[in-house]
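> Sequence and computational prediction follow.
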Amino acid sequence: MKKHTRRLAVVAGAAAAAFGLTAGPASAAPSTVWTVTPTGSYTATNSGNIVLTATIPMTCTTSSASGSMASATGNPATVATINAISFGTSASPCTSVLGNVSTVAVTPWTVVAQDYNASTGVTTGYVGNITANVSAGACKFTVTGKASGTYTNSSGVLAVNSVAGELVVSSNPAPVNCGTVVTTSTKPTFKGNYVIKSSNGTIPKIVGSNP
C-alpha cells in the first residue's frame, strides 16, 4: 500500500510539474487585443527600394499603397487591409536583368498582427493574402503567400522582410517564358519599408494588450 501511495505521489508530482511547464508560457502569450488609433483609411509610400527576388532581384524605387485600419481581437488578427498597391511608374519602372518589371497586385492583401513589444512599440506579424502577377521582360509568373514584417509606432514604418518559403511561385498559372530562372520551385522574397500615414496626416498607432 505504501509503495502504491508513493507511486501515486510521484505521478501526481510529475503531472503538476508538467502542467507548470505548459502553463508558464501561456501567461506570456502574445497580445490578443489590438487597438488601432486612428482607425480608417491610410496611405503608404516606400522609403528606400522595394525588392522582389525570385532568383533574380527585381527592384522598384517607387511604390505606394492604400487601405484601411481597424482595431481587432485575436491572435493572429487582421489590423489593416491593403486595398491597392502599386510598384513602379511609367516614368520610374521597376527593373531587373531580364528587363523592366510590371507587378499587378490582386487585392485585398491583409496586415496581420501577432505580437506586440510594449517597450519598443513594435508589432510583429505579416502581410498576408498576397497575390501578384509579375512580368520581367518576357518572363511572366504569379507570386502568392505571405511576407513577415514589423510595424513601429514611433516611425510609422511597416518593414516587410519575408523569408524564403513564405511566398511561392504559382503553378496555376505556371511561369511563362522564364526558363529555369523562375520555376514553381523558386522561393521568392519581398523586402522593403513603407511609411504609413492616416487620412488626417498622423502616424497610426497599433497597441496590443492581453485581455
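Thanks, I have the structure now. Residues are numbered from 1 along each chain as shown.

> got a list of what the residue nearest in space to the middle of the chain touches?
In the chain, the C-alpha nearest the mean C-alpha coordinate belongs to residue 126, at 1.9 Å (CA atoms, centre = their mean). By CB atoms under 8 Å, 6 or more residues apart in numbering, the residues touching residue 126 are 112, 114, 146-149, 162, 166. Heads up, the C-betas are built off the backbone N, CA and C, glycines and all.

> and this protein, what are its domains?
If you go by automatic domain parsing, the domain ranges for the chain are 1-29, 33-209.

> Surely residue 45 forms part of a strand?
Yes - checked against DSSP: H, G, I helix; E, B strand; the rest coil, residue 45 lies within a strand.

> show me the contacts for residue 74.
Residues residue 32 are the ones in contact with residue 74 under the rule CB under 8 Å, 6+ apart.

> now swap in residue 146 and tell me
112, 126-130, 162, 166-167.

> Assign a three-state SS to it, would you?
strand.

> Got the confidence number for it?
At residue 146, the model reports a pLDDT of 98.

> Kindly report the same for residue 206.
98.

> Show me what counts as buried in stretch 172-181.
175, 178, 181 (16 or more other CB atoms under 10 Å).

> got the CA positions of stretch 111-128 in PDB?
Taking only C-alpha atoms (Å, rounded to 0.1, in the frame of the first residue of the first chain), the coordinates of stretch 111-128 have been written out as PDB:
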ATOM      1  CA  VAL A 111      -1.800  43.200 -42.400                       C
ATOM      2  CA  VAL A 112      -1.900  40.700 -39.600                       C
ATOM      3  CA  ALA A 113      -0.600  41.300 -36.100                       C
ATOM      4  CA  GLN A 114       0.800  38.500 -34.000                       C
ATOM      5  CA  ASP A 115       2.800  40.000 -31.100                       C
ATOM      6  CA  TYR A 116       3.500  43.400 -29.500                       C
ATOM      7  CA  ASN A 117       6.500  44.700 -27.700                       C
ATOM      8  CA  ALA A 118       5.300  47.500 -25.300                       C
ATOM      9  CA  SER A 119       8.800  48.700 -24.600                       C
ATOM     10  CA  THR A 120       9.600  49.400 -28.300                       C
ATOM     11  CA  GLY A 121       6.100  49.900 -29.700                       C
ATOM     12  CA  VAL A 122       6.800  47.300 -32.300                       C
ATOM     13  CA  THR A 123       4.100  44.900 -33.700                       C
ATOM     14  CA  THR A 124       5.300  41.700 -35.300                       C
ATOM     15  CA  GLY A 125       3.200  39.900 -37.900                       C
ATOM     16  CA  TYR A 126       3.000  39.600 -41.600                       C
ATOM     17  CA  VAL A 127       1.400  40.800 -44.800                       C
ATOM     18  CA  GLY A 128      -1.000  38.100 -45.900                       C
END
